[in-house]
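Asker: Below are the sequence and a predicted model for it; my questions follow.
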Amino acid sequence: MSQKKSMMNGTIVRNAIKESFLKLDPRVMIRNPIMFVVEIGFIITLFLIFVPGAFGGEVPVWFNVTVSLILLLTILFANFAEALAEGRGKAQADSLKKTKKEITANKVVGNAIKKVPSTELRKGDIVVVSQGELIPSDGVVIEGLASIDESAITGESAPVIKEAGGDFSSVTGGTRVVSDQIKVRITSDPGETFLDRMISLVEGAKRQKTPNEIALNTVLISLTLIFLIVVVTLPFFGQFLNIKIEVPMLIALLVCLIPTTIGGLLSAIGIAGMDRVTQFNVLAMSGKAVEAAGDINTIILDKTGTITYGNRMASEFIAVGGEKEAAVAEWAAISSIKDETPEGRSVLELMTKRGFSYHDKIAEGGEFVEFKAETRMSGMNLIDGRIVRKGAVDAVKKWVTAQGGNIPSDLDTKSDKVASAGGTPLAVAVDNKIYGVIYLKDTVKPGMRERFEQMRQMGIKTVMCTGDNPLTAATIALEAGVDDYIAESTPEDKIAVIRKEQAEGKLVAMTGDGTNDAPALAQADVGIAMNSGTVAAKEAANMVDLDSDPSKIIEVVAIGKQLLMTRGALTTFSIANDIAKYFAIIPAMFMIAIPEMSVLNVMRLGSPMSAIISALIFNAIIIPLLIPLAMKGVAYKPLSSSKLLQRNLFVYGLGGVVIPFFGIKLIDLVIHLWV
Ligand SMILES: Nc1ncnc2c1ncn2[C@@H]1O[C@H](COP(=O)(O)OP(=O)(O)OP(=O)(O)O)[C@@H](O)[C@H]1O
Ligand SMILES: [K+]
Ligand SMILES: [Mg+2]
């Protein structure tokens, strides 16, 4: 998105400060029960400032003033963390809303074109968009080809080509046609467009707590309840021992013991995690999808366009069975006359480049048979009855054999040679005769091997699923370094692989862009559709990559893992903090009544009052100190989940025990000058 850089500017901070006070409203606070308990503590100490003897206590007024102020700050800090995390999304939503102004659309009504506001467009309407105009709503190109500036949505200024048919036909409302003219069939009703969904997503309007977050919250609330019961029963034990325990002391103890650090940062961690994905130009439809990405065991990738560049270009015509190269070129071209796929167009280009041609009357009136992943062939049914096909070698072989044809003896050696080089061989046939092979060249993207190595270190298995033949698949799989591959796979095979992994209790991620990927994208736990892809793919997936870079799935998994790790690390830290606070507060509370208890004052804190105030101050300021970590996420290394867990438990657990001892001691040294 275009606002990447200015995300932490003054406006966001100022708004967050304002929001921190607005969120003090108890009706808002109650959604975060831990901080709500702190708020009640604040209200009680505030009341005690004015009615000091209310509970029969003898605490000096300044102590009540100090405690209530620190409690207020504790709540404000937690609110600030959440507001800050929300702020980035809101700023982004505001700038997206500017993109979403009303556009005048050229709607096709019968034979005429009528100007209507974009808000009146419904699913199924047809509009014409010309050079310089904005596309009024989401849709599919049904006629023509245009280059489109999608920077309003993707922040990427290089225009992309959209054209009728195939996997690059979907257009997004709010983007601009920079050249040519297209006819578009609208696919969204008002309020349900991609831009609408994007705005409500970044605004957090649809943000729901994820199952993980709910589970953690339940644990934290239970802990809070337990501490509440302990603290409430303390005065009775006190009475028994003839010790009077003051109410503000109990409140201070309670607030220190309940997990306020994680309670204050939990929602910020979740929002910031989703935000990191968004900053990365990936739209996650839910926080759950981002978390699931962090737990992924298996990633299914397709070969063409994900692992390889995917601009498979015809680079050679290879004759078989004693045929001429010219004949291969001619029939290959005839089968491709109406084939709008990049492969099909490249066949015609190669034919021209090589100086071959075909009889232009031959295809007249013929019926085009488009490429399908199921048949793995495309071609023409000529008016004279001849049937021309090109396609995957095994598919064409089967087709020819079924008609009683013979397979030329040199077909396999020649097509295997192409496949062993990582290329895709397409056989060309007319009726029961195979003429030769088209060599489609493709290249593995640089750096894939390192990425897959990282995945392996994270304990993630990578499986390449391709419609291509086993030999090409094996060559590319070896070159790219994936763990496993499945060749000649149909869309059903992809779903079957996903289901099989899921049945073993694994979480599966996959990327895809075609309509034939849609069912598998829906079946996967994390499905990332390419923004360049079809509407069906985008609707089935739970994430959309605006940059249409399928290999980004690797970073999305890393961000998901980082989110889970950050939450775990800060929870560990928060709970480990309690130990130091026990040592600070418990002796202090009893020392007031029984001076002999001072042997328990291992931290040698100045006075009982300064001990309690120091612990409370530490408890409050640790929240803003950890905001940067909550927002940025803990440092991330590609390790397996269990190794990471061990490492984090050690670092944040030990840190959580040790740091507050120093922190509280330091604060006490300073404030003991007054207290
Ligand atoms: N336009 C086309 N006409 C005829 N055959 C094609 C065409 N495009 C691809 N094929 C053949 O069909 C096979 C399957 O294509 P498909 O697009 O399903 O898979 P793929 O692109 O090879 O693999 P991936 O799943 O990695 O994208 C290809 O390997 C190729 O042999
Ligand atoms: K606490
Ligand atoms: Mg493909």
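Answerer: Structure's in. What do you need? What you are looking at is a predicted structure, and each value in this text was computed from that prediction instead of being measured. Ligands and ions are numbered 1, 2, ... in the order given.
Asker: For the closest residue to ligand 2 within the stretch 151-300 of the chain, give me the pLDDT.
Answerer: With CB to the ion as the measure, Thr260 is the residue of the stretch 151-300 of the chain nearest to ligand 2, at 3.7 Å. Any C-beta I mention is one placed from the backbone N, CA and C, and that applies to glycine too. In the predicted model, Thr260 carries a pLDDT score of 95.
Asker: wait, what's in contact with it?
Answerer: Contacts for Thr260 (CB atoms under 8 Å, 6 or more residues apart in numbering) come out as Ile34, Met35, Val38, Thr74, Ala78, Ser574, Asn619, Ile623.
Asker: Can you give me the neighbour number for the first one?
Answerer: So that's Ile34. 22 (other CB atoms under 10 Å).
Asker: Show me which helix runs longest in this protein.
Answerer: For the chain, the helix with the greatest residue count under DSSP state H is helix 61-99.
Asker: ranges for the helices of the stretch 201-350 of the chain?
Answerer: Assigned by DSSP state H, counting those that start in this stretch, the stretch 201-350 of the chain shows helices spanning 211-240, 247-257, 260-279, 287-294, 325-336, 342-353.
Asker: Relative to ligand 1, which of those is closest?
Answerer: helix 342-353 (4.2 Å; CB to the nearest ligand atom).
Asker: Neighbouring strands - and their directions - for the following helix or strand past that closest one?
Answerer: Sequence-wise, the next helix or strand downstream of helix 342-353 (DSSP states H and E) is strand 367-369. Listed by DSSP bridges, the sheet partners of strand 367-369 and their directions read strand 377-381 (antiparallel).
Asker: Any idea how far the strand it pairs with is from the middle of the chain?
Answerer: Strand 377-381 sits 39 Å away from the centroid of its parent chain (CA atoms, centre = their mean, to the nearest Å).
Asker: Can I get it as PDB, trimmed to CA atoms?
Answerer: Provided in PDB are the C-alpha atoms of strand 377-381 (Å, rounded to 0.1, in the frame of the first residue of the first chain):
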ATOM      1  CA  MET A 377      -5.200 -30.200 -24.500                       C
ATOM      2  CA  SER A 378      -6.500 -27.400 -26.700                       C
ATOM      3  CA  GLY A 379      -7.100 -27.100 -30.400                       C
ATOM      4  CA  MET A 380      -9.500 -26.800 -33.300                       C
ATOM      5  CA  ASN A 381     -12.300 -28.900 -34.900                       C
END
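Asker: and it, anywhere near ligand 1?
Answerer: Yes: interface with ligand 1: strand 377-381 contributes Met377, Ser378 (CB under 6 Å from any ligand atom).
Asker: Tell me the buried residues in that strand?
Answerer: Met377, Ser378, Gly379, Met380 (16 or more other CB atoms under 10 Å).
Asker: so that strand versus helix 325-336, what angle?
Answerer: Orientation check (axes from the mean of the first three to the mean of the last three CA atoms, to 10 degrees): strand 377-381 against helix 325-336 gives 90 degrees.
Asker: Contacts made by strand 377-381 with the rest, please.
Answerer: Contacts for strand 377-381 (CB under 8 Å, 6+ apart): 334-339, 341, 344, 363, 366-372, 387-392, 395-396, 399.
Asker: Report the mean confidence score over the next helix or strand after that strand.
Answerer: Per DSSP H and E, the first helix or strand lying C-terminal to strand 377-381 is strand 387-392. On average, the pLDDT along strand 387-392 is 97.
Asker: who in the stretch 351-500 of the chain is up against ligand 1?
Answerer: Residues of the stretch 351-500 of the chain lying near ligand 1 (CB under 6 Å from any ligand atom): 371, 373, 376-378, 390-392, 424, 426, 466-468.
Asker: which of those come close to ligand 2?
Answerer: Counting by CB under 5 Å from the ion, the subset of these that neighbours ligand 2 is empty.
Asker: Tell me the one of those nearest Ile667?
Answerer: Thr466 (61.5 Å; CB to CB).
Asker: what about the stretch 51-200 of the chain, any weak spots by pLDDT?
Answerer: By pLDDT under 70, the weakly predicted segments of the stretch 51-200 of the chain are 155-157.
Asker: Apply 80 and report the result again.
Answerer: 56-57, 92, 95-96, 98-102, 152-158, 165-168, 197-198, 200 (pLDDT under 80).
Asker: Can you show me the helices along it?
Answerer: Going by DSSP H, counting those that start in this stretch, the stretch 51-200 of the chain shows helices at 61-99, 151-154, 194-203.
Asker: Can you lay out the ones you listed as CSV showing distance to Gly405 and mean neighbour count?
Answerer: CSV is the format used below for the helices of the stretch 51-200 of the chain (distance: least, CB to CB, whole Å; neighbours: other CB atoms under 10 Å):
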stretch, distance to Gly405, mean neighbour count
helix 61-99, 57, 21
helix 151-154, 49, 20
helix 194-203, 48, 20
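Asker: I'd like to know which of the ones you listed is closest to Gln239.
Answerer: The nearest among those, by CB to CB, is helix 61-99 at 21.7 Å.
Asker: and the closest one, anywhere near ligand 2?
Answerer: No: on the criterion CB under 5 Å from the ion, helix 61-99 is out of touch with ligand 2, staying 8.4 Å away.
Asker: Check which residues of the host helix or strand of Ile44 are buried.
Answerer: Element membership for Ile44 (DSSP H and E) is helix 33-50. By neighbour count on 16+ other CB under 10 Å, the buried set for helix 33-50 is 34-39, 41-42, 44-46, 48-49.
Asker: Distance from the longest strand along the chain to the middle of the chain?
Answerer: Taking DSSP state E as the assignment, the strand of the chain that covers the most residues is strand 139-149. Using CA atoms, centre = their mean, the mean C-alpha position of strand 139-149 is found 27 Å from that of the whole chain.
Asker: Direction included, what does that strand pair up with?
Answerer: Sheet pairing for strand 139-149, using DSSP bridges, gives strand 160-163 (antiparallel), strand 170-171 (antiparallel), strand 176-179 (antiparallel), strand 182-186 (antiparallel).
Asker: Mind giving me the packing neighbours of the longest helix of the chain?
Answerer: Here helix 61-99 touches helix 10-22, helix 33-50, helix 194-203, helix 247-257, helix 260-279, helix 608-632, going by 3 or more CB pairs under 8 Å, 6 or more residues apart in numbering; DSSP states H and E.
Asker: any chance of the ones you listed in a markdown table, plus distance to ligand 1?
Answerer: Shown next, in a markdown table, are those (distance: least, CB to the nearest ligand atom, whole Å):
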| stretch | distance to ligand 1 |
| --- | --- |
| helix 10-22 | 42 |
| helix 33-50 | 48 |
| helix 194-203 | 24 |
| helix 247-257 | 56 |
| helix 260-279 | 25 |
| helix 608-632 | 36 |
